[in-house]
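> next come a sequence and a model predicted from it.
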Amino acid sequence: MSNNKLKILSKRNLTDEICVIVGTRPGIIKMSPIIKEIEKQNIPGFTIHTGQHYSYEMDRKFFEDLELSQPRHHLTSSPPGSLHGEQTAHMLKGIEAVLVQEKPKIVLVCGDANTNLAGALAARKLQIEVGHVESGLRSNDWRMPEEHNRIIIDHISEYLFAPTKQTKDNLIQDNVKGSIYITGNTIVDALSEHIDLARRKSNILQELNIQENNYGVITCHREENVDDLANMNNIIESLLLTAQDIKMPLIFPVHPRTKNRLQHFDLWLKINSSPSLRLTDPFGYLDFLSLLNNASFVMTDSGGIQEESCVLKVPCITLRENTERQETIAVGSNIIAGTGSDHVLAAVQQSLSKKKDWLNPYGDGKAAKRIVDVCQGKKIDEWTGS
């Protein structure tokens, strides 16, 4: 590469700004307390939206609902149907151009989506410090693209913001080079604020004509489930058996990827065969949060919902063979059921009789302040509750 194209930045020409990178709606939720804390402390900063999960109208509404300032930079999304490598490369190129222009002193990424890998790589190549929010999670399942991403990001970050002691132990075992801080999980910060917003702004239970604590919620989107015919068929069998057994509505907002695969596998009519299994379009965040908060249980393959349900005291049945959210298993809020119908139904029945008295392992709602303080060179009192 010629010298005029090699855009390596030096410590001397960096600004004091903190760059927050988001690209998926779960990432926006978890980064929202950090964005607000940066603004609260009057620290120079800006947000990049990579466009990984991007709809102009939906995302603008999303930021408005969460009362967040709009990102300074919106990147264009990669072409529909892009493979992981193409998607990551597309975002890396766009992020790099913004970082060369803006010259922040630190880049913060959260979690394990391709957005975060692209952001961390772009910053690392430009010699800008990287902070990984929600570092140290491990599923030990190499089928998951997210597992590749989170491990790579951990190893190229200067600051590793571990939500719990267990995730810190994972980082130590992996011999990471950066500095580790137990901060708690920003999902606790986010939920404490967003639940109030949901109560004020959402009427979803009335719109669906359902009663508090008398329905279940379902989500399913992970590629190791929905792209596998056997797993997808098993999940449908599990949902139909559960609907037949428990005699309460099951609300299933169907992810676009999931709907596409159900139709591709000719399973759409089958999954619509039970009147108790109510398939809907995806909800906005505040509507979904209200729906989750008032549910009897949730069935999901989402890591973020495993955390949210744990904090909200909603029993969770995970439609996977493993989880990187081991804390939810330890406190008893979550059951790993796999996709087999007998195991799933047994887990649902167990959850319906479960006492909702588990401890919250994810923090005290001060994770965002700890993270921003570290970025400012301040000493912090680490989260010690888990």
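Arrived safely, thanks for sending.
> make it CA atoms for all contacts and neighbour counts henceforth
Fine.
> so who does residue 248 touch?
214, 215, 216, 276 (Cα atoms under 8 Å, 6 or more residues apart in numbering).
> from residue 378, how far off is it?
Noted for residue 248: a distance of 51 Å to residue 378, by Cα to Cα, to the nearest Å.
> kindly report the same for residue 75.
Distance of residue 75 to residue 378, computed by Cα to Cα: 32 Å.
> more neighbours: those two, which one.
Shown here are residue 75 and residue 378; by other Cα atoms under 10 Å, residue 75 has more neighbours (18 against 10).
> okay but the more buried one is in contact with residue 23, surely?
No - using Cα atoms under 8 Å, residue 75 makes no contact with residue 23, being 9.3 Å away.
> what touches both of the two?
Both residue 75 and residue 23 are contacted by 48, 49, 50, 51, under the criterion Cα under 8 Å, 6+ apart.
> got a pLDDT number for the last one?
According to the per-residue confidence, residue 51 scores 83 in pLDDT.
> next, it: secondary structure please.
The assignment at residue 51 comes out as coil when based on DSSP: H, G, I helix; E, B strand; the rest coil.
> same question for residue 71.
At residue 71 the chain is in coil, as set by three-state DSSP.
> need the contact list for the spatially closest residue to it that is not a sequence neighbour.
Once flanking residues are discounted, residue 71 sits nearest to residue 47: 4.8 Å by Cα to Cα, 6 or more residues apart in numbering. The contact partners of residue 47, taken as Cα under 8 Å, 6+ apart, are 19, 20, 21, 22, 35, 71, 72, 73.
> run the last query once more with 6 Å
19, 20, 21, 71, 72 (Cα atoms under 6 Å, 6 or more residues apart in numbering).
> tell me the contacts of the first one?
Residue 19 sits next to 45, 46, 47, 107 when contact means Cα under 6 Å, 6+ apart.
> again, only this time at 10 Å
Residue 19 makes contact with 35, 44-48, 99, 102-109, 119, 130, according to Cα atoms under 10 Å, 6 or more residues apart in numbering.
> mind giving me the ChimeraX select for those residues, buried ones only?
Buried residues within these, by 16 or more other Cα atoms under 10 Å, are selected in ChimeraX with:
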select :35,45,46,47,48,99,103,104,105,106,107,108,109,119,130
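> got the contact list for the helix or strand of the chain with the lowest mean pLDDT?
One helix or strand of the chain scores below all others by mean pLDDT, DSSP states H and E: helix 56-65, with a mean of 72. For helix 56-65, the surrounding residues in contact (Cα under 10 Å, 6+ apart) are 23-25, 28-29, 32, 49, 51, 53-55, 67-71, 74, 194, 197-198, 201, 284-286.
> circling back: now the buried members of the shared contacts of residue 75 and residue 23.
Of the shared contacts of residue 75 and residue 23, these count as buried by 16+ other Cα under 10 Å: 48, 49, 50, 51.
> surely the first one touches residue 69?
No - with contacts counted by Cα atoms under 10 Å, residue 48 stays clear of residue 69, the gap being 11.6 Å.
> show me the shaky parts of the stretch 51-200 of the chain.
For the stretch 51-200 of the chain, the stretches with pLDDT under 70 are 53-58.
> repeat that for the stretch 201-350 of the chain.
Within the stretch 201-350 of the chain, not a single segment meets pLDDT under 70.
> show me where it has its helices.
Taking DSSP state H, counting those that start in this stretch as the criterion, the stretch 201-350 of the chain contains helices spanning 204-208, 223-226, 229-246, 256-264, 268-271, 285-293, 303-312, 326-331, 341-352.
> as a markdown table, those helices with mean neighbour count and distance to residue 364 would be great.
A markdown table is the format used below for the helices of the stretch 201-350 of the chain (neighbours: other Cα atoms under 10 Å; distance: least, Cα to Cα, whole Å):
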| stretch | mean neighbour count | distance to residue 364 |
| --- | --- | --- |
| helix 204-208 | 12 | 28 |
| helix 223-226 | 18 | 33 |
| helix 229-246 | 18 | 35 |
| helix 256-264 | 16 | 34 |
| helix 268-271 | 14 | 40 |
| helix 285-293 | 21 | 19 |
| helix 303-312 | 21 | 11 |
| helix 326-331 | 18 | 15 |
| helix 341-352 | 18 | 25 |
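> and residue 188, which of those is closest to it?
Closest to residue 188 of these, according to Cα to Cα: helix 303-312, at 7.0 Å.
> and the helices of the stretch 201-350 of the chain: which comes nearest residue 177?
For residue 177, the closest of the helices of the stretch 201-350 of the chain is helix 326-331, at 23.4 Å, according to Cα to Cα.
> got the CA positions of the closest one in CSV?
Output of helix 326-331 as CSV, limited to C-alpha atoms (Å, rounded to 0.1, in the frame of the first residue of the first chain):
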residue,chain,number,x,y,z
GLN,A,326,-24.1,-18.7,32.0
GLU,A,327,-25.1,-16.4,34.9
THR,A,328,-28.8,-16.9,34.0
ILE,A,329,-28.4,-20.7,34.4
ALA,A,330,-26.5,-20.2,37.7
VAL,A,331,-29.3,-18.1,39.3
